[in-house]
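In: need coordinates for the below:
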Amino acid sequence: MDIVNLSEIPGMIELLALWHFDEWSDLYPDESLEDFKSELAKCLGQDAVPTTFIAIENDELLGSISVLPRDMDIEARWGPWLANFYVKPEFRSLGVGRKLVEKLLAHCVSNNIPQLYLFTPRTREYYERLGWKTISTTEYHGQAVDIMLRKL
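Out: Numbering: from 1, shown residues only. All right, here's what the predicted structure looks like:
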């Protein structure tokens, strides 16, 4: 398995956007599939933020992870954010997610990003095992979500 920058294989945006839209559109009720594609396209530049990494094996897309300047329309003082963390269901619990997170954290450290935030409605325990700390629990678009921090 390889973890590469999305800018190396931009043709994956279409499939990634569909996965992300199917998984999280309820948390972004004002965004369309096209908005999800547009967000990923912004990650194709040379800036450290935003950036997306993808996991690929034998030309098959396995998952993705991004660092974005913002991921919620609240808490403007917090950022940047780990976002778009998705692993295709049949590849979960095989270490793909951990490798994606490790790649993103290394990218952030090498770009002098001192901390990352994320929010999750369902997977707080997973992130706690990876060193994240819950700093707030709030309601976001009708769902209880944990806002978490990882100092780098």
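
In: dump the residue contacts of the closest residue to Leu118 other than its chain neighbours.
Out: Among residues not flanking Leu118 along the chain, Leu82 sits closest, at 4.2 Å (C-beta to C-beta, 6 or more residues apart in numbering). (Each C-beta comes from the backbone N, C-alpha and C, glycine too.) Contact criterion C-beta atoms under 8 Å, 6 or more residues apart in numbering gives Ile65, Ser66, Val67, Asp71, Val101, Leu104, Leu116, Tyr117, Leu118, Arg150 as the residues in contact with Leu82.

In: rerun that using 10 Å as the cut-off
Out: 65-68, 71, 100-101, 104-105, 108, 116-120, 127, 132, 148, 150 (C-beta atoms under 10 Å, 6 or more residues apart in numbering).

In: next one: Arg122
Out: Gln143, Ala144, Val145, Asp146.

In: assign a three-state SS to it, would you?
Out: coil (DSSP: H, G, I helix; E, B strand; the rest coil).

In: let's have the chain start at 371 instead
Out: New numbering, starting at 371: the last item is Arg492.

In: that's a strand at the residue nearest to Leu488, yeah?
Out: Yes - read with three-state DSSP, Leu452 is one of the residues of a strand.
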